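In: what would the 3D arrangement of this be:
(2 chains)
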Amino acid sequence: MKYLKYIIILFLVSNMNLSFADEQEIKLQNKITKNLRCLICQGQSIYDSDSQFAISLKILVEKKLSEGLSEKEIYEYFENKYGEWILYDPKFNKNTYFLWLLPILMFLLGGAILFKLFIIKKN
Amino acid sequence: MFLKKNMKIKILPLVLVISFLIIFLIFYKGLNNSNIYTPETNLKKDVPNFKTKIFNSEKLIESDEIFENDKFYLVNIWASWCVPCREEHPFLVDLNKKKNLEIVGLNYKDNKKNAKIFLDDLGNPYDIILMDQDGTISIEWGAYGVPETFLIYNKKIIKKIIGPLDLKKVFEINELVK
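Out: Next comes the predicted model:
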């Protein structure tokens, strides 16, 4: 009887671990599919879409994860197949550096104006 | 001193006006860009590696066993439920008459029975038909849907046709395969 109690506890704990790992994998899978653009839909991610294309891609993401590929490797794999457009997060390169730097430039410019107007004037 | 102060006041609006002008110009230019995504169709990519079942048999086949060097292959993704596939089918039957071109069919998310009826009705132009039941092999090919056609030479994709074949596209294929 005493052993049975331990066995039941062990069983429950191992089961909990398993469901936890599953949950982590589903979370990662969702994160990846949310970062991939459904190329044949308008304004939808693979995660959101139920098109044939998106369904196949979801299956493939799951397959690649079970093959042991990392998140980054999966993005690279799809980028290689479909081009950078499939990724929602554009990479930092010569085509996109303006896109990435513009907000910082505007922030700095605004800061400089405010600094000039309020701090230098006060002094 | 007076001159310096005057300069300071004038530089700030000038910088602002110029920077907004630059931003305006960039957005104005972007406005004229097409917002329709057009995938590249002339990529010299390698044939992907995959393993799948042959249609009407339980045999598994690997991509390396299908494609040989120094030979032209036409990979056509099709399904019996796809209406444009019906339209392009006569062109495939016609292309099958070419001796130096092998046509490989990739049956996309289809019902076997319906696919068979489709081929019985319209003819079977394929030298071999592969199964893609969950659509993942088409993704390996970089396809968007059905129908899609790839021309392969030396295990490289030399032409990709998105959508059904027509007279113009068949002519282009004929020009490449000589």
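In: so for residue 41, what's the pLDDT?
Out: I'll assume chain A. On the pLDDT scale, residue A:41 is placed at 90.
In: switch to chain B, please.
Out: Looking at residue B:41, the pLDDT reads 63.
In: doesn't residue A:39 fall inside a strand?
Out: No. With DSSP: H, G, I helix; E, B strand; the rest coil as the criterion, residue A:39 is located in coil rather than a strand.
In: that one reaches residue A:56, doesn't it?
Out: No. Using CB atoms under 8 Å, residue A:39 is not in contact with residue A:56, being 11.8 Å away. Every C-beta, even on glycine, is put in place using the N, C-alpha and C of the backbone.
In: neighbour count: these two, which is higher?
Out: residue A:56 (23 against 20; other CB atoms under 10 Å in any protein chain shown).
In: domains of chain B?
Out: For chain B, automatic domain parsing gives the domain ranges B:1-36, B:45-176.
In: and the gap between residue B:147 and residue A:52?
Out: The gap separating residue B:147 from residue A:52 is 13 Å, by CB to CB, to the nearest Å.
In: let me redo that: residue B:51
Out: According to CB to CB, residue B:51 stands 22 Å off from residue A:52.
In: neighbour count: the two, which is higher?
Out: Using other CB under 10 Å, the more surrounded residue of residue B:51 and residue A:52 is residue A:52, with 17 against 12.
In: what segments of chain B are strands?
Out: Secondary structure of chain B (DSSP state E): strands at B:45-46, B:51-53, B:60-62, B:72-78, B:101-108, B:128-132, B:148-153, B:156-162.
In: using a markdown table, lay out the ones you listed together with mean pLDDT and distance to residue B:171.
Out: Shown next, in a markdown table, are the strands of chain B (pLDDT from 0 to 100; distance: least, CB to CB, whole Å):
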| stretch | mean pLDDT | distance to residue B:171 |
| --- | --- | --- |
| strand B:45-46 | 86 | 23 |
| strand B:51-53 | 92 | 31 |
| strand B:60-62 | 92 | 31 |
| strand B:72-78 | 95 | 14 |
| strand B:101-108 | 94 | 14 |
| strand B:128-132 | 94 | 25 |
| strand B:148-153 | 93 | 13 |
| strand B:156-162 | 90 | 12 |
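In: can you put those in TSV and add distance to residue B:141?
Out: Formatted as TSV, those follow (distance: least, CB to CB, whole Å):
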stretch	distance to residue B:141
strand B:45-46	9
strand B:51-53	12
strand B:60-62	15
strand B:72-78	7
strand B:101-108	8
strand B:128-132	9
strand B:148-153	7
strand B:156-162	8
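In: got a markdown table for those, with distance to chain A too?
Out: Below are the strands of chain B laid out as a markdown table (distance: least, CB to the nearest CB, whole Å):
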| stretch | distance to chain A |
| --- | --- |
| strand B:45-46 | 8 |
| strand B:51-53 | 12 |
| strand B:60-62 | 16 |
| strand B:72-78 | 11 |
| strand B:101-108 | 8 |
| strand B:128-132 | 9 |
| strand B:148-153 | 11 |
| strand B:156-162 | 10 |
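In: so who does residue B:79 touch?
Out: B:85, B:107, B:108, B:109, B:110, B:115, B:146 (CB atoms under 8 Å, 6 or more residues apart in numbering or on different chains).
In: from what I see, residue A:47 and residue A:30 are in contact.
Out: Yes. In this structure, residue A:47 is within contact of residue A:30 by CB under 8 Å, at 6.0 Å.
In: neighbour-wise, which of these two wins?
Out: residue A:47 (18 against 15).
In: need the contact list for the more buried one.
Out: So residue A:47 contacts A:30, A:33, A:34, A:36, A:58 (CB under 8 Å, 6+ apart).
In: recalculate using a threshold of 10 Å.
Out: A:29-36, A:38, A:54, A:57-58, A:61 (CB atoms under 10 Å, 6 or more residues apart in numbering or on different chains).
In: show the pLDDT at the closest residue to chain B within chain A.
Out: Closest residue of chain A to chain B, CB to the nearest CB: residue A:56 (3.0 Å). Here the pLDDT value assigned to residue A:56 is 93.
In: tell me the SS of it?
Out: helix.
In: the closest residue to chain A within chain B - nearest residue in space that isn't next to it in sequence?
Out: In chain B, the residue that lies nearest chain A is residue B:135 (3.0 Å; CB to the nearest CB). Setting aside the residues directly before and after it, residue B:135 is nearest to residue A:56 in space (CB to CB, 6 or more residues apart in numbering or on different chains), at 3.0 Å.
In: would you mind finding the longest helix in the chain?
Out: I'll assume chain A. helix A:2-34 (DSSP state H).
In: wait, chain B
Out: helix B:2-32.
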